[in-house]
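1. The sequence and its predicted three-dimensional model are supplied below.
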Amino acid sequence: MNIEFKSYIISRTSNITNKSCIFFFLFSVISTFSSGQTWDISGKIIDGLTRDPVDYAYVTAIGDTAFAVTDAEGNYTIHISRKATAISILADGYTKFTIPVKDIIKLKLNVELTANVSQLSTEAKKKEERPVDNIVEKIIENRDKNDPENNDYLSYRTYEKMEFDVANVSDELKEKKIMQPFSFMFDNMDSITTNGKPFLPFFFTETISDVHYQNKPKQKREIVIASKSAGIENLTLIQHLKDIYRDITLYDNYVNVFGKSFISPVSTEGMKHYNYTIKDSSIIDGKKCYKINFTAKKKFELTFNGEFWFHDTTFAVQRITLYLIKNPTINFVDDFKYVKVFTNVEGNKWIPYHEQLVVQFSNRVKGMSIIGRKSQYYADTKINQPPEDTVFKTTSTIRFDPKAFDQSNSYWRKNRLEKLTDREKDIYDIVDTLKKLPAFQLYVGTIVVILSGHVPYGKIDYGPYYNFISKNTVEGWRFRFGGRTNEKFSTHWQFEGYGAYGTEDGKFKYMGGIRYTLKRKPFKAIGFQYKNDLVQPGLYEG
């Protein structure tokens, strides 16, 4: 392992002696490291045998929080303070290299790393010998500081779009008689296609809200300023759709998806459940960021695959993409993608900027499937500025402005944080036409079954059907049957319940509940539920 040291060449005037040169050189170096506050040390890391650059080597300052990661050419620059006592270089498969800062000449450090094949298999498993794990640990350590909701107060305006479509309609299905009422959709498919495949929109909604968080005590209040929707008017299904797309809280240890608790890749337990690999670096909005890919260590755990970019100074997540691993506990989802982007404001605070969620539900009906999309945009974010006193005096988490459902088209044009696409503009007209077709109501009924998991029969909806038979290590084979009353029974009262039995533990479980709807627009209800059942962490029995 060699370190390249380059000396200064000083030849100002002929009467400067060699001793003077040496004294001047030492004085310059000492002055640099004592009088200034920070310095940049740069260089190149290569493989000592092949002479190839070592990319994604982890360069850290001992005694300081500074770090850098080499690029594809092995180059790096690390910004250190006077607290730094040494520079350490670590790369997977190589022997760790450390040098005191005082031994670095001219703020230049080029290093040849020596491969350590014999120790690679064992040392790579050690937390301290995994460069990317050190970075992930710093991201986890800084979670509370970088979580926007962990400020004393956080307020912003949000604009949300949500859309559900019947998609991937096969040519065979289009030819069937039952699809003839929708032939006009396929005749105009150029204006209403997704990835070249025709779709049938059945629900579209827009919402503009003011959202306020308070940390002590933890409270959230959402004031809906404007709301409009087109499509189905089945309140049970609409509520179910909104439950599916509830907020994803990245910085929590567990992320709630479809009623199940998935381990966050930045959870305090993340290192036990994910493999991390550093992949790229880039300047994003003037900030140096690095990309880390993460994959699940074990199959069938409630985890994600994906990637995130993080800021090299604050260790805040700048952007994250989550993909859902195919899991038998969520057997009604074929595809899932979630993206959230944060932006930096003064004081190195990070706030949400945009998020997008796309879900493709399992193909329960031959020849077609259902795709749901949600986009959310943020603006007018305020940190640590208390809102009006009246905001947190109300007990309702969500309340609606009296004019929320009556805002004019001109209001929407002026206040959307993102303009509607031409396709989205067409949806209002398309859905209005579809609502007049009897066949559309039939398809809505099918969709209710697919998404809600309940099969309606008379005044009772039986289900969820995907919980009728399941298996786990405690109960063995679990048989469950239940249901709930629907609007044919009562528009205000709803009763629900189920009974379950496990072949392994031989115990009977049950649940019963009642709910009374106070108001439908906006939806408000009260009720209670009693349950005597086995609780499985991460698994929600709907």
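-> Done, it's in. Treat the numbers as computed from the prediction; the structure is a model and nothing was measured.
2. Quick check: phi and psi at residue 273.
-> Here is the backbone geometry of residue 273 (degrees, to the nearest 10): phi -120, psi -10.
3. again with residue 101
-> The phi/psi pair for residue 101 (degrees, to the nearest 10) is phi -60, psi -40.
4. what's the burial count for it?
-> Residues near residue 101, counting by other Cβ atoms under 10 Å, number 21. Where C-beta positions appear, they are placed from N, C-alpha and C, glycine not excepted.
5. per-residue confidence for it?
-> For residue 101, the pLDDT comes out at 92.
6. Who are the contact partners of it?
-> Neighbouring residues of residue 101 by Cβ atoms under 8 Å, 6 or more residues apart in numbering: 33, 41, 61, 80, 84-87.
7. could you redo the last one with a cut-off of 10 Å?
-> Counting by Cβ atoms under 10 Å, 6 or more residues apart in numbering, residue 101 touches 33, 39, 41, 61-64, 80, 82-87, 107, 109.
8. Show me how to select, in ChimeraX, the buried members of those residues.
-> To isolate the buried ones among these in ChimeraX, judged by 16 or more other Cβ atoms under 10 Å, type:
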select :33,39,41,61,62,64,80,84,86,87,107,109
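9. With respect to residue 209, which of the contacts of residue 101 is nearest?
-> residue 64 (42.8 Å; Cβ to Cβ).
10. ranges for the helices of the protein?
-> Assigned by DSSP state H, the chain shows helices spanning 18-35, 117-123, 131-141, 143-146, 171-174, 183-187, 235-244, 270-273, 409-415, 422-434, 438-452.
11. Which strands or helices does the fourth one pack on?
-> Think helix 143-146. Applying 3 or more Cβ pairs under 10 Å, 6 or more residues apart in numbering; DSSP states H and E, we find helix 143-146 packed against strand 317-324, strand 349-365.
12. Just the buried residues of the last one, please?
-> By 16+ other Cβ under 10 Å, the buried positions in strand 349-365 come out as 349-357, 359-361, 365.
13. Same question for the shortest one.
-> By 16+ other Cβ under 10 Å, the buried positions in strand 317-324 come out as 317-322, 324.
14. go on, stretch 383-393?
-> For stretch 383-393, the neighbour count (16+ other Cβ under 10 Å) marks 383, 387, 391-392 as buried.
15. What lies in contact with it?
-> Under Cβ under 10 Å, 6+ apart, the answer for stretch 383-393 is 148, 151-156, 210, 212-215, 217, 219-221, 223, 345-347, 349-351, 399.
16. 7 Å - rerun?
-> With contacts defined as Cβ atoms under 7 Å, 6 or more residues apart in numbering, stretch 383-393 is touched by 151-155, 212, 214, 219, 221, 349.
17. start to end distance for it?
-> 20 Å (Cα to Cα, to the nearest Å).
18. can you pull the contacts of residue 291?
-> By Cβ under 7 Å, 6+ apart, the neighbours of residue 291 are 279-280, 307, 309.
19. Out of the buried residues of stretch 383-393, which sit inside strands?
-> residue 383 (DSSP state E).
20. Run a quick check on residue 148 versus residue 345, I expect a contact.
-> No: contact criterion Cβ atoms under 7 Å: residue 148 and residue 345 do not qualify, at 10.0 Å.
21. Quick check: neighbours shared by these two?
-> residue 351.
22. out of these two, which sits in the busier spot?
-> The residue with more neighbours, out of residue 148 and residue 345, is residue 148; 20 against 13, by other Cβ under 10 Å.
23. I'd like the distance between that one and residue 266.
-> Note on residue 148: its distance to residue 266, by Cβ to Cβ, to the nearest Å, is 14 Å.
24. and if you look at residue 220?
-> 21 Å.
25. Repeat that for residue 337.
-> Relative to residue 266, residue 337 is positioned 18 Å away (Cβ to Cβ).
26. sorry, back to before: could you find which two of the buried residues of strand 317-324 are furthest from each other?
-> Farthest apart among the buried residues of strand 317-324 by Cβ to Cβ are 318 and 324. That separation is 21.8 Å.
27. mind showing which ranges of the stretch 101-250 of the chain have poor pLDDT?
-> Scanning the stretch 101-250 of the chain for pLDDT under 70 picks out 116-130, 168-170, 173-174, 177-199, 232-246.
28. Go again with 90.
-> 105-107, 112-135, 144, 149-150, 162-205, 215-219, 229-250 (pLDDT under 90).
29. go on, the stretch 351-500 of the chain?
-> Where the stretch 351-500 of the chain drops to pLDDT under 90, the residues are 357-374, 388-400, 405, 421-458, 461-476, 486-488, 490-492.
30. switch the cut-off to 70
-> Short version for the stretch 351-500 of the chain, where the test is pLDDT under 70: 363-368, 438-452, 466.
31. By neighbour count, which of the contacts of stretch 383-393 wins?
-> residue 154 (24 neighbours).
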